[in-house]
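Novice: sequence unavailable; structure follows:
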């Protein structure tokens, strides 16, 4: 099949549909984990991996249908300078999120939780520890493949890079709506949390544009999540930090 015409409205529609497809496939693929009798930690782990594979499946299906090769993703071994960008980008995302959350708390805005925080609050702290490697090996690669490698690149074909980054980031934030709403059914809290996620996605999008290498946002996303989960594990297991700061480390 030939490539889609560079019509902006059509491309936004396709990108939105691709996001919905990723969510649907994530739900479908995670069903086996819920149907099998497992303990809470095992069930969460299997469901997470299978759900992230839904994003991968949607991305690969799109590449196949549109005759786009893997080369279109711009995946390359990072140079030493690119690795420096990975480190700086990871720190930048962490600082941005921490400042954003602490600012929200300072002005009295609520924040939404998610299934990870619920498990941690129930005492399943090993969930956080397990998410450290899973963030780098599964979450970062799967989500960046779809939202940066496929959706942002596809939108870039009809818009300038700025709007493509923004639109892809809107879709990235919205895809987290179900989990944040289930954990905290408060419109204001969900809105604040999704806005913070939108800002994080903007940074990841521009890292992709700047380096022209999908491996960079993949590594930054994965390492950033791993850092947050690792710190959350330390904080919650030691009870050494106040509740306001510990919340800042939750995803």
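Specialist: Received the coordinates, thanks. What you see is a predicted model; the values in this text were computed from it and never measured. Residues are numbered from 1 along each chain as shown.
Novice: need the distance between the two termini of stretch 176-189.
Specialist: The straight-line separation of the ends of stretch 176-189 (Cα to Cα, to the nearest Å) is 13 Å.
Novice: what's the weakest-modelled helix or strand in the chain?
Specialist: helix 243-248 (a mean of 46; mean pLDDT, DSSP states H and E).
Novice: list the buried residues in stretch 82-90.
Specialist: 82, 85, 86, 89, 90 (16 or more other Cβ atoms under 10 Å). C-beta here means a position set from N, CA and C on the backbone, and glycine is covered the same way.
Novice: reformat the residues you listed as TSV; add distance to residue 229, pLDDT and secondary structure.
Specialist: Shown next, in TSV, are the buried residues of stretch 82-90 (distance: Cβ to Cβ, whole Å; pLDDT from 0 to 100; DSSP: H, G, I helix; E, B strand; the rest coil):
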residue	distance to residue 229	pLDDT	secondary structure
82	24	95	helix
85	22	97	helix
86	18	97	helix
89	18	97	helix
90	13	97	helix
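Novice: report the two of the residues you listed separated the most.
Specialist: Spatial extent of the buried residues of stretch 82-90 (Cβ to Cβ) is set by the pair 82 and 90 at 12.7 Å.
Novice: can you tell me which residues contact the closest residue to residue 70 other than its chain neighbours?
Specialist: Spatial nearest neighbour of residue 70, excluding adjacent residues (Cβ to Cβ, 6 or more residues apart in numbering): residue 63 at 7.3 Å. Contacts for residue 63 (Cβ atoms under 8 Å, 6 or more residues apart in numbering) come out as 69, 70, 72, 73, 150.
Novice: how near is residue 63 to residue 192?
Specialist: Counting by Cβ to Cβ, to the nearest Å, the separation of residue 63 from residue 192 is 35 Å.
Novice: picking that back up, now, the contacts of residue 63 that are in strands?
Specialist: Counting by DSSP state E, no part of these is found in strands.
Novice: filter those down to the buried ones, PyMOL style.
Specialist: Buried members of these can be picked out in PyMOL with the line below, counting by 16+ other Cβ under 10 Å:
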select buried, resi 72+73+150
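Novice: for the contacts of residue 63, which one is nearest residue 216?
Specialist: residue 73 (12.2 Å).
Novice: now the nearest residue to that closest one once chain neighbours are set aside: how far from residue 166?
Specialist: In space, and not counting its chain neighbours, residue 73 is closest to residue 149: 4.2 Å by Cβ to Cβ, 6+ apart. Distance of residue 149 to residue 166, given as Cβ to Cβ: 17 Å.
Novice: okay, those two: which has more neighbours?
Specialist: Neighbour comparison, residue 149 and residue 166: the larger count goes to residue 149, with 24 against 16 (by other Cβ atoms under 10 Å).
Novice: apart from its chain neighbours, what residue comes closest to the most centrally placed residue in the chain?
Specialist: Centroid-nearest residue in the chain, with Cα atoms, centre = their mean: residue 143, separated by 5.4 Å. Leaving aside its chain neighbours, residue 143 sits nearest to residue 55 (5.8 Å; criterion: Cβ to Cβ, 6+ apart).
Novice: check contacts around that neighbour.
Specialist: For residue 55, counting by Cβ under 8 Å, 6+ apart, the contacting residues are 22, 25, 26, 142, 143, 145, 146, 147.
Novice: swap in 10 Å and give it another go.
Specialist: 18-19, 21-23, 25-26, 29, 139, 141-147, 150, 175 (Cβ atoms under 10 Å, 6 or more residues apart in numbering).
Novice: try residue 200
Specialist: 92-94, 96-97, 100, 169, 172-173, 220-221, 224, 251.
Novice: restricted to helices, list the residues you listed.
Specialist: 92, 93, 94, 96, 97, 100, 169, 172, 173, 220, 221, 224 (DSSP state H).
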